[in-house]
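# My questions concern the predicted model and sequence given below.
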Amino acid sequence: MIEMENINKVYKMGEVSLDALKEVSLSIEPGEFISIMGPSGSGKSTLLNIIGCLDTPTSGSYFLEEKNVAGLSLDQLSAVRNRKIGFVFQNFNLLPYATTYENVELPMLFNGKSGKKRRQRVIELLEMVGLVNRQLHRPSELSGGEQQRVAIARALANDPAMILADEPTGNLDSKTGVEIMGLFVRLQQQGRTILMVTHDTNIAAYSQRTINLLDGRII
Amino acid sequence: MRTPLLRYFAKEYRKRKKKTALITFAITWGTLSLLLLMSFGRGLTNSFRISFKGLGDNLIMIYRGQTSKDYHGLPKGRRIMIYPRDISLLSALIPEIELISPESNDYFTITGGGRETNRNVCGVGPSFGGMRSMIAESGGRFINEDDERSARRVAFIGWNMAKNLFPAENPVGRTIVITRVPFTVIGVMKKKLQSSAYQGFDADHAYIPYSTFSRIDSQLYLDRIHIQPKRREDNKLVERRIREILGRKYRFDPKDDYALGVWNTIEQAEVAGKAFKGIEIFLALIGGLTLLIGAVGVTNLMYALVKERTREIGIKMALGARRRHIIIQFLLETVFIFSKGTFWGTAIAYTIVRLTRLIPISYEISGIQTYLLRPVFSLDILIIFLVVLGILVFLSGIFPAARASRLNPVEALRYE
């Protein structure tokens, strides 16, 4: 699924440069549920962003499903994200002016899925996360747990093989967090690969493998 | 671009309407104020120009004077008179003259329509009307050659006199009595703007053939001679030739400015024309500054509006939006907001200009409204405005969006 070799990421801030990732190599098989852990500033979000093609490595090679992602243009990376990757963020990142329905529909609008299939898929996903009766609400009218469920439904819109989640329970109370993790476990049972950044060991316990990062290195 | 996506953009725009209301209003307001400023400014200079021609177009007036210099042994302070026979002398000796007419006037009691008034009666030649921008209301005419030759008792009257004597009926064909002599009214003057005058405005006067006038009035000399040169630019030449010819005849120094009164309205009009040009440049300057201030405000608002959506752009890109999806959405929104704002601004300004022009104006000199109530809606200003503001708004709307779409999504997502 994922083959990473000697990935480096350097952030330049004026004169100072910061090595966020140093010589990271990583291999992930399809269907794995992995937690990425580490203290603040250890580079776990940077690693997740590079895996999710939201950011590009400074050097190193990255193969996603046998395809070299390193040399792709911004638009090609957009297409990869659209079809292969679903994102779940800590702060949900729903579009504030769009309804639940529209938020879930949007990734399909970017690749031109036909109207009928789109409608079916949105309803199917909202049924899965239990929000069919909330489809005309805006994010501001939903609770944190509901918003994160909308985000998960949205992440699944184009049926991606991989779900990337950055502290998905970070803004939720523990009871809601458990509900969200229940959804993740179900997704894995459907055969999806899940990568999750967290610093909560209780949450990491849902995964099968944990990658620990410290100062930009895997330990 | 696919229609469902465009439909989604439209939905998003409608939901964000409140956020864009301010900028739409700013564009509307800017369009409205600039168009009104320029329309009323143009109307003002326009009315000035028209009223300036109200006295007469392309006209030189000569009147009696008093010498201020000794000349060939003659003392200064002599009165210089002009006489009817000078008319033929001047037209014979100055080929540059197109039209020439005598004028003498006196106050007479005039009765007509059962009413009485005391007004200025002017004896003039047939070419006088044209030189003095006097046009007859339909159904009437000005004095003609036959009237002059036969010394007919006919009168052309100003619109105020017509209103005073015959408030409810058409005076043409009716009889008025000027100092016990009956005259037939042959025409009523159409209303005109007039910014300068002597012995009252044309609206209050009665005009009769000079030959007739000289029979009811004992004055042998003329009060004025009106001259129109063939070409405007000959006005100084004609003026000089008049002074030379009459100076030789009546023995005064042609360089003595006081010997002969000369009112050269052409020269005056040229000076005034420069003043109007000045006002127009001043208006253009104010318009430009207004546009600049408006543009700064509008582009700033637009820029902020797009900038605050950087994170939203990041989210969309994370979900798979391409650069063109982002840019087209902002382009459409910018075009829409701009069109809406300028449409309403233009529509309101146009309506105000049209409605203002419907307000009746008085043709008296005292009325400032005469100058203010005839705004001119100018298409050229609208076009310049649309192009300049359009480019600025376009850039301020597209530039930040295009820049955000070039970022790594993760940077756009991090934007607060």
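Perfect, I can see it now. Numbering: from 1, shown residues only, chains lettered A, B, ... in the order given.
# For the rest of this, base every contact and every neighbour count on C-alpha atoms.
Will do.
# hang on, A:Glu23 packs against A:Arg217?
Yes - the pair A:Glu23 / A:Arg217 is scored as a contact, 7.0 Å apart, by Cα atoms under 8 Å.
# what about the two, which has more around it?
A:Arg217 (19 against 16; other Cα atoms under 10 Å in any protein chain shown).
# Find the nearest non-adjacent residue to the more buried one, please.
A:Lys22 (5.6 Å; Cα to Cα, 6 or more residues apart in numbering or on different chains).
# next structured bit after the host helix or strand of that neighbour?
Following DSSP states H and E, one finds A:Lys22 within strand A:16-28. Following strand A:16-28 in sequence order, the next helix or strand is strand A:33-37 (DSSP H and E).
# The next helix or strand after that next one packs against which elements?
Downstream of strand A:33-37, the first helix or strand assigned by DSSP H and E is helix A:44-51. Using 3 or more Cα pairs under 8 Å, 6 or more residues apart in numbering or on different chains; DSSP states H and E as the contact test, the elements touching helix A:44-51 are strand A:16-28, strand A:162-166, strand A:193-197.
# mind checking which of those is nearest B:Met131?
Checking those against B:Met131 by Cα to Cα gives strand A:16-28 as the closest, at 85.3 Å.
# who's in contact with the closest residue to B:Ala203 other than its chain neighbours?
Leaving aside its sequence neighbours, B:Ala203 sits nearest to B:Gly158 (Cα to Cα, 6+ apart; 4.0 Å). The contact partners of B:Gly158, taken as Cα atoms under 8 Å, 6 or more residues apart in numbering or on different chains, are B:Val188, B:Met189, B:Lys190, B:Asp202, B:Ala203, B:Asp204, B:His205, B:Ala206.
# which of those count as buried?
Buried residues within the contacts of B:Gly158, counting neighbours by 16 or more other Cα atoms under 10 Å in any protein chain shown: B:Val188, B:Met189, B:Asp202, B:Ala203, B:Asp204, B:His205, B:Ala206.
# Do I have it right that the fourth one meets B:Val188?
It refers to B:Ala203. No - the criterion here is Cα under 8 Å, and B:Ala203 misses it with B:Val188 at 9.4 Å.
# Overlap of the contact sets of those two?
Shared contacts of B:Ala203 and B:Val188 (Cα under 8 Å, 6+ apart): B:Ile157, B:Gly158, B:Trp159.
# And the strand holding A:Lys22, what's buried?
A:Asp19, A:Ala20, A:Leu21, A:Lys22, A:Glu23, A:Val24, A:Ser25, A:Ile28.
# And for stretch A:31-51?
Quick answer for stretch A:31-51 (16+ other Cα under 10 Å): A:31-38, A:42-51.
# repeat for stretch B:80-98
Buried residues in stretch B:80-98 (16+ other Cα under 10 Å): B:Ile80, B:Met81, B:Ile82, B:Pro84, B:Asp86, B:Ile87, B:Leu90, B:Ser91, B:Glu96, B:Ile97.
# okay, how far is it across it, tip to tip?
25 Å (Cα to Cα, to the nearest Å).
# Name the residues that touch that stretch?
B:63-67, B:100-102, B:220-225, B:227-231, B:234, B:238, B:241-242, B:245, B:250, B:259-260.
# Are any of the residues you listed buried, and if so which?
B:63-67, B:100-102, B:221-225, B:227-229, B:238, B:241-242, B:245, B:259-260.
# any bit of the one helix or strand B:Leu289 maps to sitting next to chain A?
Using DSSP H and E, B:Leu289 sits in helix B:265-307. No - Helix B:265-307 does not reach chain A (Cα under 8 Å from any Cα of the partner chain); its nearest approach is 14.4 Å.
# packing partners for that helix?
Helix B:265-307 packs on helix B:17-55, strand B:60-63, helix B:235-250, helix B:379-406, going by 3+ Cα pairs under 8 Å, 6+ apart.
# how far does that helix sit from the chain's center?
18 Å (Cα atoms, centre = their mean, to the nearest Å).
# Now the element after it, going C-ward?
With DSSP H and E, the next secondary element past helix B:265-307 is helix B:310-318.
# Low-confidence bits of the stretch 251-400 of chain B, can you list those?
Applying pLDDT under 70 to the stretch 251-400 of chain B flags the ranges B:362-370.
# From the centroid of chain A, which residue is nearest?
Nearest to the mean C-alpha position of chain A, counting by Cα atoms, centre = their mean, stands A:Leu164 at 2.2 Å.
# Write out the residues of chain A neighbouring chain B.
Going by Cα under 8 Å from any Cα, the residues of chain A near chain B are A:49, A:54-56, A:74-75, A:78-83, A:86-87, A:93-95, A:97-98, A:106-107, A:109-110, A:112, A:115, A:155.
# out of those residues, which are buried?
Counted by 16+ other Cα under 10 Å, the residues of chain A next to chain B give A:49, A:54-56, A:74-75, A:78-83, A:86-87, A:93-95, A:97-98, A:106-107, A:109-110, A:155 as buried.
# Give the burial count for A:Asn111, as a bare number.
17.
# before we move on, what about B:Ala284?
Counted with other Cα under 10 Å, B:Ala284 comes out at 17.
# Spatially, what comes nearest to it if we skip its sequence neighbours?
Closest to B:Ala284 by Cα to Cα, 6+ apart is B:Met38, at 7.7 Å.
# show me what contacts that neighbour?
Contact partners of B:Met38, counting by Cα under 8 Å, 6+ apart, are B:Leu283, B:Ala284, B:Gly287, B:Phe377, B:Ser378, B:Ile381.
# In CSV, list the C-alpha atoms belonging to stretch B:214-221.
Output of stretch B:214-221 as CSV, limited to C-alpha atoms (Å, rounded to 0.1, in the frame of the first residue of the first chain):
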residue,chain,number,x,y,z
SER,B,214,-37.9,105.0,-36.2
ARG,B,215,-41.3,106.3,-37.0
ILE,B,216,-42.7,106.0,-33.5
ASP,B,217,-39.5,107.1,-31.7
SER,B,218,-37.7,110.4,-32.2
GLN,B,219,-34.2,109.1,-31.6
LEU,B,220,-32.0,109.5,-34.6
TYR,B,221,-29.0,107.6,-33.5
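# Could you list which residues are in contact with the closest residue to chain A within the stretch 51-200 of chain B?
Closest approach of the stretch 51-200 of chain B to chain A (Cα to the nearest Cα) occurs at B:Ser51, with a separation of 59.0 Å. By Cα under 8 Å, 6+ apart, the contact set of B:Ser51 is B:Lys192, B:Leu193, B:Gln194, B:Ser195.
# try it again with 6 Å
B:Leu193, B:Gln194, B:Ser195 (Cα atoms under 6 Å, 6 or more residues apart in numbering or on different chains).
# quick one: it and B:Arg132, what's the gap?
Distance from B:Ser51 to B:Arg132, by Cα to Cα: 12 Å.
# In strands, which of the buried ones among the contacts of stretch B:80-98 fall?
Counting by DSSP state E, the part of these found in strands is B:Tyr63, B:Gly65, B:Gln66, B:Ile100, B:Ser101, B:Pro102, B:Arg224, B:Ile225, B:Ile227, B:Gln228, B:Pro229.
# Which pLDDT value goes with the nearest residue to the fourth one once chain neighbours are set aside?
Beyond its immediate neighbours in the sequence, the residue positioned closest to B:Ile100 (Cα to Cα, 6+ apart) is B:Ile227, lying 4.5 Å away. Among the per-residue scores, B:Ile227 holds a pLDDT of 94.
# residues in contact with stretch B:214-221?
Residues contacting stretch B:214-221 (Cα under 6 Å, 6+ apart): B:Ile82, B:Tyr83.
# buried set for it?
By 16+ other Cα under 10 Å, the buried positions in stretch B:214-221 come out as B:Ser214, B:Tyr221.
# Compute the distance from the centre of it to the centre of its chain.
Counting by Cα atoms, centre = their mean, stretch B:214-221 comes out at 39 Å from the chain centroid.
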